[in-house]
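Novice: need a 3D model of the following:
(chains A, B, C and D)
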Protein chains: 2
Amino acid sequence: MEIKNIMASLTKRQEQILAYVVKEYVETAQPVGSETLRKRGLGVSSATIRNELAALEDAGYLTHPHTSAGRVPTEKGYRYFVESLMEEFELPPVEQRMIRHQFHQVTLDIDQWMRLAAAVLAHSSRNTALVTAPQSARCRFKNLQLVSISDQVALLVLVLQDGTVKQQMLALAQPIAQEELMRLSNRLSDHFHGLSVEQIRSSTLTLDTFESGVVNVVLNLMQQIDRRSSHEIYRDGILDILRQPEFAAIERMQTLLEMLEHRTFLEEMLSDWAPERGVQVVIGGESRRDEMSDYSMVLSRYGVPGEASGVIGVLGPVRMQYARTIGVVRYVSSLLDDLMARMYGR
Amino acid sequence: MEIKNIMASLTKRQEQILAYVVKEYVETAQPVGSETLRKRGLGVSSATIRNELAALEDAGYLTHPHTSAGRVPTEKGYRYFVESLMEEFELPPVEQRMIRHQFHQVTLDIDQWMRLAAAVLAHSSRNTALVTAPQSARCRFKNLQLVSISDQVALLVLVLQDGTVKQQMLALAQPIAQEELMRLSNRLSDHFHGLSVEQIRSSTLTLDTFESGVVNVVLNLMQQIDRRSSHEIYRDGILDILRQPEFAAIERMQTLLEMLEHRTFLEEMLSDWAPERGVQVVIGGESRRDEMSDYSMVLSRYGVPGEASGVIGVLGPVRMQYARTIGVVRYVSSLLDDLMARMYGR
DNA sequence: CTTGGCACTCAAACATCGAGAGTGCTAATA
DNA sequence: TATTAGCACTCTCGATGTTTGAGTGCCAAG
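Specialist: Predicted coordinates:
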């Protein structure tokens, strides 16, 4: 007697059928029936396939929208597919080269890279891409520049060690000459070079009112960044995902858009589910969020481990081309790894 | 005998009826019939109103979706309403104060102001807001700073006279010390202070390979800005507009989203239709763009006339609360005027 | 000029029906 | 024991027909 159903393990044939169902359904968005499956060339009759389908349904890998409809994978079904059935997909070299080329064409700028990464992910996966800029564990001061804009306004430009740039206007109580501002810039830049928020705060530097005002602004900006509250999330391909047939119903679309506009929600999702390494697949309700029960995510972390890392990901309907998406995410992630490594000087 | 129809001018009662139709339709999104109108208190029977409606339709101010439906304003009808019938709407002082307060709470930063302006417009008008940052007629160099990031990478931070900040990473052929970079920064900053692209290009300054590389990057960035190709358009409230009943049909939604994602299209629309001064209302097909035939825009320019100006606007369905929207746009525009004036030192 | 009255129109909502796809079960077969 | 042919059954989907009601246009009387 064969071991069957006891271990909830599937026979070879069941696996094959499950794989076919997933692939077919992902492609057509239509429930797939026994006859369609037979034509795929299993060498058995549709009746046999029906029996297997019923078994797979009992085991929880498939469902029925209604009595006389074909089968649709459940989350468990997709999970099994992703874990055991799916063949690895590597991005074809032509595409790889094209993507790499795009990254090298663009100027050396994190913001640009992030946009491009989002665009590439969205385009290649035909879903919505989410990308966060690399965050240093704790940001460190690098350089500061004060530029006079008018009698009453100066511009403060703050550069952090990882290349992040922040600017802010300052209102001046009374006019200060550009030379004076420059002298101050240099003094502070020298003093604070390489320091974190706490270190700057505990530094013993005698400052006049204006100077300590400047320092406070700097500390504020740095804290904001530390608290990741200024964390921008780059998105792309919102349109692409809306073209999927699952969004024929209007409120589906609405809820999705609401999700995508809700920054803190996305932030949470990404930080909750981004893996430390490798590519993570989160299918539907696995994310433990009702709003996400119809969507899956494929996430990866990139960057230089100790230094700074960000997250890239693709969000799409549960009915998603997992193999392809994982391949794309993996590739873009490794590409960003390289770029970051080069930027941080290996 | 009265002058009527000859001048295509409307009688008082017709104007009143047209105004009611517009208001009612804007509110309910349903074609409005003679009986509804009678209840509004015109003091005449529905039959009389029907006659007037027929007259208004002949004159082109109203239409019929089908024989047995109520009336809907045409573009001509909306235009007449906006031009002659609508009562001015001033934002209530409470709201004004709230908005002003928000602007003063936020840090002195153009980017933040733009975001806030978009958010306020979108929220107050319940439509999609579009905002462009102020553009100087011709950008002028103010200051430049080179910061060493690693052995192979330096960061160039360029500040323009209007406070715009641009950064770009530079790949270094060989390591250059921070002091050396600073010396160069200061030299170039001094030399180019206040100059335009052409003036920098024709300046006679002896430069080594690296230095002229830096200058080229600067020129490139400045040119980009001059050509307005880097022109960011701040958008907000995309969701709000999608909640309108006109988007029950899915492809309506799709085309709108496509429009809103298409940057160059929006840029064109804004630059084509933004008025030199005052508030401009563009109704449906008046914009001479098929894609826009279902949408209206309310636009205004803000900023300091000779110096730098940007555009703010609201995009919504033709069936829009024009009075309210115009009021909001006017107020936010004047508020930005003040802020900009203050920034440029009056 | 206004109004009550009435016939007419059309979209939207609802009900009915047949076709088709797909299932589950049974009994026969290898 | 696993497979298969056969068949009754179920349910969706699209087409078709029917009803309802809002709203019009026009006429004849006030």
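
Novice: measure residue A:120 to residue A:303 for me?
Specialist: Applying Cβ to Cβ, to the nearest Å, the value for residue A:120 to residue A:303 is 17 Å. No exception for glycine: its C-beta is placed from N, CA and C like everyone else's.

Novice: repeat for residue A:190
Specialist: With distances taken as Cβ to Cβ, residue A:190 is found 29 Å from residue A:303.

Novice: the two: which is more packed in?
Specialist: Neighbour count, other Cβ atoms under 10 Å in any protein chain shown: between residue A:190 and residue A:303, residue A:303 has more, with 23 against 11.

Novice: just the pLDDT at residue A:69, thanks.
Specialist: What the model reports as pLDDT for residue A:69 is 91.

Novice: for it, give its distance to residue A:169.
Specialist: 61 Å.

Novice: quick one: stretch A:118-125 near chain B?
Specialist: No: for stretch A:118-125, no contact with chain B is found by Cβ under 8 Å from any Cβ of the partner chain; the gap never falls below 11.2 Å.

Novice: contacts for that stretch, please.
Specialist: Residues from elsewhere that reach stretch A:118-125, judged by Cβ atoms under 8 Å, 6 or more residues apart in numbering or on different chains: A:91, A:95, A:99, A:102, A:128-131, A:234-237, A:240, A:298, A:312-314, A:316, A:321, A:324-325, A:328-329, A:332.

Novice: comparing residue A:69 and residue A:169, which residue is more hemmed in?
Specialist: In terms of neighbours (other Cβ under 10 Å), residue A:169 is the more surrounded of residue A:69 and residue A:169; the figures are 21 against 13.

Novice: any idea how far the residue of chain A found nearest DNA strand C is from DNA strand D?
Specialist: Closest approach between chain A and DNA strand C, counting by Cβ to the nearest atom of the strand: residue A:33, at 2.9 Å. Residue A:33 sits 12 Å away from DNA strand D, taking Cβ to the nearest atom of the strand, to the nearest Å as the criterion.

Novice: same check, this time on residue A:340
Specialist: Going from residue A:340 to DNA strand D by Cβ to the nearest atom of the strand gives 48 Å.

Novice: do the same with residue A:90
Specialist: 34 Å.

Novice: cool, and residue A:167?
Specialist: 55 Å.

Novice: and for residue A:113?
Specialist: 44 Å.

Novice: mind listing what's buried in the one helix or strand that residue maps to?
Specialist: Taking DSSP states H and E as the criterion, residue A:113 maps to helix A:110-125. The neighbour-count check on helix A:110-125 (16 or more other Cβ atoms under 10 Å in any protein chain shown) flags A:110, A:113-122, A:124-125 as buried.

Novice: heading C-terminal from it, find the next helix or strand.
Specialist: strand A:128-132.

Novice: which other helices and strands contact that following strand?
Specialist: Counting contacts by 3 or more Cβ pairs under 8 Å, 6 or more residues apart in numbering or on different chains; DSSP states H and E, strand A:128-132 packs against helix A:110-125, strand A:233-236, helix A:238-242, helix A:263-273, strand A:308-317.

Novice: buried residues of the fourth one, list them for me.
Specialist: Okay, so that is helix A:263-273. Within helix A:263-273, the residues that count as buried by 16+ other Cβ under 10 Å are A:266-267, A:269-270, A:273.

Novice: ditto for the third one
Specialist: By neighbour count, with 16+ other Cβ under 10 Å as the criterion, the buried positions of helix A:238-242 are A:238, A:240-242.

Novice: ok, and of those, which contact chain B?
Specialist: Among these, the ones lying near chain B by Cβ under 8 Å from any Cβ are A:238, A:242.

Novice: of the buried residues of helix A:238-242, list those near DNA strand D.
Specialist: Residues of the buried residues of helix A:238-242 in contact with DNA strand D (Cβ under 7 Å from any atom of the strand): none.

Novice: show me which of the contacts of stretch A:118-125 are buried.
Specialist: A:91, A:99, A:128-131, A:234-237, A:240, A:298, A:312-314, A:316, A:321, A:324-325, A:328-329, A:332.

Novice: may I ask which helix or strand encompasses whatever residue of chain A ends up closest to DNA strand D?
Specialist: Closest to DNA strand D within chain A is residue A:68: 2.8 Å, counting by Cβ to the nearest atom of the strand. For residue A:68, there is no helix or strand it lies in under DSSP H and E.
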